[in-house]
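Peer 1: sequence-free structure coming up:
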Ligand code: SAH
């Protein structure tokens, strides 16, 4: 896909856009069938040593209650209350090496011993030794987003470290045998169309198993609290672009799309996404896992299943990590 065509796709609206989304959906169906994966996320810590300007968990946010969940509570959620449609678990946190050492690594080991669930983690930039300990404990997929693929813009956003370091982390993970998913935030303050094209291209070239795009939501108690949100239509078009560029990758529909419009999540699935997420972080904790606002939109099992049905899909019975490991690493295709 040439840059002019990619820009045309990103800008498309109306009938042209519907045509692109239909192509994205058909491409998803060809590789993955009419199916979406259902994962569950548990947000185990809201401590964060990073200071990303757009994120409510940034270390300078003194308004936020910080927590680390107790292992016993997570065990009960995962081993006794897991919704039957869930095939994969994602353990997520602010960048908190303490929770990784004390809680996540033993938990991953226990999940691996007791279940056949796919195990994803999203824990930020850690040292390679911790990545390896997580991998050895049995985690399969590491989610680490670029946030923005322009090095200067990355620094302006106060994203973790530098873009070259983030890319180094992705390569180190791949070298350790991880499947890696990465992505970006669409509509971050200061982001230009050139940045978006550069980011989507960079993601397409990396040795990834998954891609994501989340529209920017102005976060309470962040630097950008008063800024406008990202454009949902262009973010949905980015889902289609990612699907057509790398048909073999996992692409999530994200709850931020539903914050912008009640149909956002279903439309992402129709445009080529193939992963949904049920949030299992219990009340009392999730208010303090604040990416955007304290009052969160929580994707329950019922919301997720109904979105999958509305998109004309059905939940996969097999975990995404199992299906992914049967596909080779996806390299860009010509469309
Ligand atoms: N600390 C971990 C991940 C936890 S945050 C890490 O660094 O990888 C999970 C994701 O939320 C981030 O990667 C970012 O893409 C997203 N996010 C944070 N603030 C956001 C905002 N205001 N709008 C949209 N997405 C946001």
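Peer 2: On my side now, so go ahead. Since the structure is predicted, the reported quantities are computational estimates derived from the model, not experimental observations.
Peer 1: Which parts of the stretch 201-335 of the chain are strands?
Peer 2: According to DSSP state E, counting those that start in this stretch, the stretch 201-335 of the chain carries its strands in the segments 210-215, 275-279, 314-315.
Peer 1: got it, and the stretch 1-150 of the chain?
Peer 2: 35-45, 88-93, 118-122, 141-143.
Peer 1: residues near the residue in the stretch 101-250 of the chain that the ligand sits nearest to, how many?
Peer 2: Nearest residue of the stretch 101-250 of the chain to the ligand, counting by Cβ to the nearest ligand atom: residue 124, 3.6 Å away. From N, CA and C alone the C-beta is placed, and that goes for glycine too. Applying other Cβ atoms under 10 Å, we find 21 residues neighbouring residue 124.
Peer 1: swap in residue 240?
Peer 2: There are 28 residues near residue 240, going by other Cβ under 10 Å.
Peer 1: wouldn't it be in contact with residue 23 here?
Peer 2: Yes. Counting by Cβ atoms under 8 Å, residue 240 does reach residue 23; the two are 6.9 Å apart.
Peer 1: Pull the number of nearby residues for residue 226.
Peer 2: Residues near residue 226, counting by other Cβ under 10 Å: 7.
Peer 1: Likewise for the one 5 residues further on?
Peer 2: By other Cβ under 10 Å, the residues close to residue 231 number 16.
Peer 1: Then residue 325?
Peer 2: For residue 325, using other Cβ under 10 Å, the count is 14.
Peer 1: now it: how far from residue 115?
Peer 2: 17 Å (Cβ to Cβ, to the nearest Å).
Peer 1: before we move on, what about residue 263?
Peer 2: Separation of residue 263 from residue 115 (Cβ to Cβ) stands at 34 Å.
Peer 1: Would you mind naming what in the stretch 1-150 of the chain lies close to the ligand?
Peer 2: 54, 55, 92, 94, 95, 122, 124, 144, 145, 147 (Cβ under 6 Å from any ligand atom).
Peer 1: Can you pull the phi and psi angles for the fifth one?
Peer 2: Geometry field for residue 95 lists phi and psi as phi -80, psi 100, criterion degrees, to the nearest 10.
Peer 1: residue contacts, it?
Peer 2: 48, 49, 50, 123, 124, 125, 126, 160 (Cβ atoms under 8 Å, 6 or more residues apart in numbering).
Peer 1: element containing the last one, please.
Peer 2: Yep, that's residue 160 we're talking about. Assigned by DSSP states H and E, residue 160 belongs to no helix or strand.
Peer 1: Run a quick neighbour tally on it.
Peer 2: Applying other Cβ under 10 Å, we find 21 residues neighbouring residue 160.
Peer 1: I'd say it and residue 126 touch.
Peer 2: No. Applying Cβ under 8 Å, one finds residue 160 not in contact with residue 126, separated by 10.6 Å.
Peer 1: list the contacts for residue 108?
Peer 2: 91, 119, 121, 134, 137, 138, 139.
Peer 1: ok and the top helix by length along the chain relative to strand 275-279, angle-wise?
Peer 2: Counting by DSSP state H, the longest helix found in the chain is helix 14-32. With axes from the mean of the first three to the mean of the last three Cα atoms, to 10 degrees applied, the angle from helix 14-32 to strand 275-279 works out at 90 degrees.
Peer 1: neighbouring contacts of helix 14-32?
Peer 2: 9, 12, 233, 236-237, 239-240, 243-244, 247-248, 251, 267, 270-274, 323, 327.
Peer 1: Now which of those residues would you call buried?
Peer 2: 9, 12, 233, 236-237, 239-240, 243-244, 247-248, 251, 267, 270-274, 323 (16 or more other Cβ atoms under 10 Å).
Peer 1: Residue 177 belongs to a strand?
Peer 2: No. Counting by DSSP: H, G, I helix; E, B strand; the rest coil, residue 177 is not part of a strand but coil.
Peer 1: Just to check, it is in contact with residue 135?
Peer 2: Yes. Under the criterion of Cβ under 8 Å, residue 177 makes contact with residue 135 at 6.5 Å.
Peer 1: Those two: which is more packed in?
Peer 2: Neighbours per residue (other Cβ under 10 Å) separate residue 177 from residue 135, with residue 135 holding more: 17 against 9.
Peer 1: Tell me which residue is most central in the protein.
Peer 2: The chain has residue 212 as the residue nearest its centroid, 5.4 Å off, counting by Cα atoms, centre = their mean.
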